[in-house]
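S.K.: need coordinates for the below:
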Amino acid sequence: MPSAPSKTLDTFPNPQPGRDYTIHMRIPEFTCLCPATGQPDFAELHLEYVPDTACVELKSLKLYIWSYRNEGAYHEAVTNRIVDDLVAAIQPRFMRLTADFNVRGGIFTQVVAEHRAPGWTPAAAVELPQPIPR
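M.R.: This is a model prediction of the structure:
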């Protein structure tokens with residue numbers, strides 16, 4: 001049976017819930033429709049999140065992203081809606097979605113939406129010394 005677009009986001013248990021780690025995903029084929037003109041808008045999405053107890057399953061994410069193909073949505077609204085839906089599904093410690101929309105009328109649009117769980121603070125970044133050149 002062929003796949004079909006879906007708004008369902010499946011999850012699986014985080015295999016390392018005691019550790020903060022970041023999952024990065026690049027989604028290069030996002031499309032939706034301009035609500036004013038009906039013309040297609042194309043974007044590359046960059047999803048980063050620190051899971052808590054659950055992770056998003058990739059096939060369901062692919063079908064979820066596909067579900068926007070025939071929907072009219074402003075860039076700002078669709079970026080925030082995707083974050084809201086993912087947060088509702090997996091309740092991450094942190095999530096950032098960067099949506100890089102292709103040029104339209106000479107303007108590139110980038111929308112960045114974030115979520116941070118109440119009380120969660122990231123660990124300090126580790127700065128390693130640079131190796132001594134030979």
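S.K.: from here on, just use CA atoms for contacts and neighbour counts.
M.R.: OK.
S.K.: low-confidence ranges in the chain?
M.R.: Counting by pLDDT under 70, the ranges of the chain that qualify are 1.
S.K.: what segments of it are strands?
M.R.: Using DSSP state E, the strands found in the chain span residues 11-13, 23-33, 40-50, 54-56, 94-104, 107-116.
S.K.: tabulate those (JSON lines), appending distance to residue 71.
M.R.: Putting the strands of the chain into JSON lines (distance: least, C-alpha to C-alpha, whole Å) gives the following:
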{"stretch": "strand 11-13", "distance to residue 71": "24"}
{"stretch": "strand 23-33", "distance to residue 71": "6"}
{"stretch": "strand 40-50", "distance to residue 71": "9"}
{"stretch": "strand 54-56", "distance to residue 71": "22"}
{"stretch": "strand 94-104", "distance to residue 71": "16"}
{"stretch": "strand 107-116", "distance to residue 71": "18"}
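S.K.: which residues does the residue nearest to residue 95 when sequence neighbours are not counted bridge with?
M.R.: Nearest residue to residue 95, sequence neighbours excluded (C-alpha to C-alpha, 6 or more residues apart in numbering): residue 49, at 4.2 Å. Per DSSP bridges, residues listed as beta-bridge partners of residue 49: residue 23, residue 95.
S.K.: number of nearby residues for residue 49?
M.R.: 23 (other C-alpha atoms under 10 Å).
S.K.: first-to-last residue distance for stretch 7-18?
M.R.: 29 Å (C-alpha to C-alpha, to the nearest Å).
S.K.: buried residues in it?
M.R.: 9, 10, 11 (16 or more other C-alpha atoms under 10 Å).
S.K.: now stretch 35-51
M.R.: Neighbour counts over stretch 35-51 (16+ other C-alpha under 10 Å) mark 41, 42, 43, 44, 45, 46, 47, 48, 49, 50, 51 as buried.
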